[in-house]
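Q: The following block contains a protein sequence and its predicted model.
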Amino acid sequence: MFEDLVPKDLTQELMIEWAISIGMAILVFFIGRIVAGIIVKIARHGMERSGMDALLVNFVSSILRWVLMLFVIIAALEQLGVDTTSLVALLGAAGIAVGLALKDSLQNFASGVMLIVFRPFKNGDFVDAGGVMGVVEHIGIFTTIMKTPDNKEVIVPNGQVYGGTITNFSARDTRRVDMVFGIAYDADIRQAKNILTEIVTNDERVLKDPAPVIAVSELADSSVNFVVRPWVKSPDYWAVLWDTTEKVKYAFDDAGIGIPFPQVEVHVNQNEQ
């Protein structure tokens, strides 16, 4: 009965138009997917040639592919006569809602991209970042994994790392070891300085250039303080600090040089009745 109401010619025209529209939509989709793949491939090749981190290359390539495919799908839907204006508006509203819900995650992502691009540190560096001090094991898009000196694994959000002060102890080949040693006021200053100089100069790990500094820095309340500042290779920092401190204690004890410690004198006045 419905066929009697609609002319056969009109029905055939509608079917032909729909067939053409569907065919065009499929054609646009497949051609668009091929073009999108070529664009992503060219972009990936360019990023790899520029020396960009492989993790960032993969992530950016994935984002670019999904964005291009979204445009391809919208173009294919237009061939079917679908009003894509409302669809684009809906996607925009959904994007804003998702952005607000994932605000912290997006901040961590943006910070991860900045860490990978600008490289304030790399895997294996000993750093103080995000309130954690340790060796960097992995820099991800959202988090940075660090290993503390006592072998604990700490996962720090990238927003916390990039948003704070970063101290990279491994960035330079050499470091200065800053030490302070105090001696009693009645001790021989020249003898103490000679002992400190001998300990530092006899250590093969101490660099000749820059030359180490050994000098009286302060006449404190209960001690005469020496600053001892040798330069060493960065991997030798802690070993030289600990070894020198131990050697100074033994040498001062053998020479009879006292190392003062804080003392409090209490005077009591007794009133006789």
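A: Ah, there it is. Numbers count the residues shown, from 1 in each chain.

Q: Counting neighbours, what do you get for residue 165?
A: The number of residues packed near residue 165 is 8, by other Cβ atoms under 10 Å. Backbone N, C-alpha and C define where each C-beta goes, glycine included.

Q: What does the pLDDT read for it?
A: Looking at residue 165, its pLDDT is 92.

Q: now swap in residue 271 and tell me
A: 63.

Q: How about residue 267?
A: On the pLDDT scale, residue 267 is placed at 64.

Q: ok, for residue 188, nearest residue in space, not its chain neighbours?
A: Closest residue in space to residue 188, ignoring its immediate chain neighbours: residue 257 at 7.2 Å, by Cβ to Cβ, 6 or more residues apart in numbering.

Q: thinking residue 251 is in contact with residue 197, fair?
A: No - assessed by Cβ atoms under 8 Å, residue 251 is found out of contact with residue 197, at 11.1 Å.

Q: beta partners of the residue lying closest to residue 152 once chain neighbours are set aside?
A: Distances taken as Cβ to Cβ, 6+ apart put residue 134 closest to residue 152, at 7.9 Å, once the chain neighbours are dropped. With DSSP bridges applied, residue 134 shows beta-bridge pairing to residue 127.

Q: residues in contact with residue 134?
A: 126-127, 146-149, 152, 154 (Cβ atoms under 8 Å, 6 or more residues apart in numbering).

Q: swap in residue 161?
A: By Cβ under 8 Å, 6+ apart, the contact set of residue 161 is 111, 115, 129-130, 144.

Q: ok, back up a step: quick one: contacts for the residue nearest to residue 188?
A: 183-184, 187-188, 191-192, 195.

Q: Cross those residues against strands and list the overlap.
A: The members of the contacts of residue 257 that map onto strands under DSSP state E are residue 183.

Q: Not counting residues beside it along the chain, what's closest to residue 57?
A: In space, residue 57 comes closest to residue 47 once its chain neighbours are excluded; the distance is 4.7 Å by Cβ to Cβ, 6+ apart.

Q: shaky segments in this structure?
A: By pLDDT under 70, the low-scoring segments of the chain are 1-11, 14, 52-56, 59, 82-91, 93-104, 262-273.

Q: quick revisit: I'd like to know which of the contacts of residue 161 is nearest to residue 63.
A: residue 111 (16.4 Å; Cβ to Cβ).

Q: Now for that closest one, how many residues are close by?
A: Applying other Cβ under 10 Å, we find 22 residues neighbouring residue 111.

Q: Is it in contact with residue 162, as I believe?
A: Yes - using Cβ under 8 Å, residue 111 is in contact with residue 162, at 3.7 Å.

Q: With secondary structure added, can I get the contacts of residue 134 in a markdown table?
A: Putting those into a markdown table (DSSP: H, G, I helix; E, B strand; the rest coil) gives the following:
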| residue | secondary structure |
| --- | --- |
| 126 | strand |
| 127 | strand |
| 146 | strand |
| 147 | strand |
| 148 | coil |
| 149 | coil |
| 152 | coil |
| 154 | strand |
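
Q: Which parts of the protein are helices?
A: 2-5, 8-49, 54-79, 84-101, 103-118, 158-162, 189-201, 237-255 (DSSP state H).

Q: So which of those is the most surrounded?
A: Each of these was scored by mean neighbour count; the highest is helix 158-162, a mean of 22, by mean count of other Cβ atoms under 10 Å.

Q: Report the separation between the residue nearest to residue 122 when sequence neighbours are not counted and residue 66.
A: Spatial nearest neighbour of residue 122, chain neighbours left out: residue 136 (6.9 Å); criterion: Cβ to Cβ, 6+ apart. Distance, residue 136 to residue 66, by Cβ to Cβ, to the nearest Å: 30 Å.
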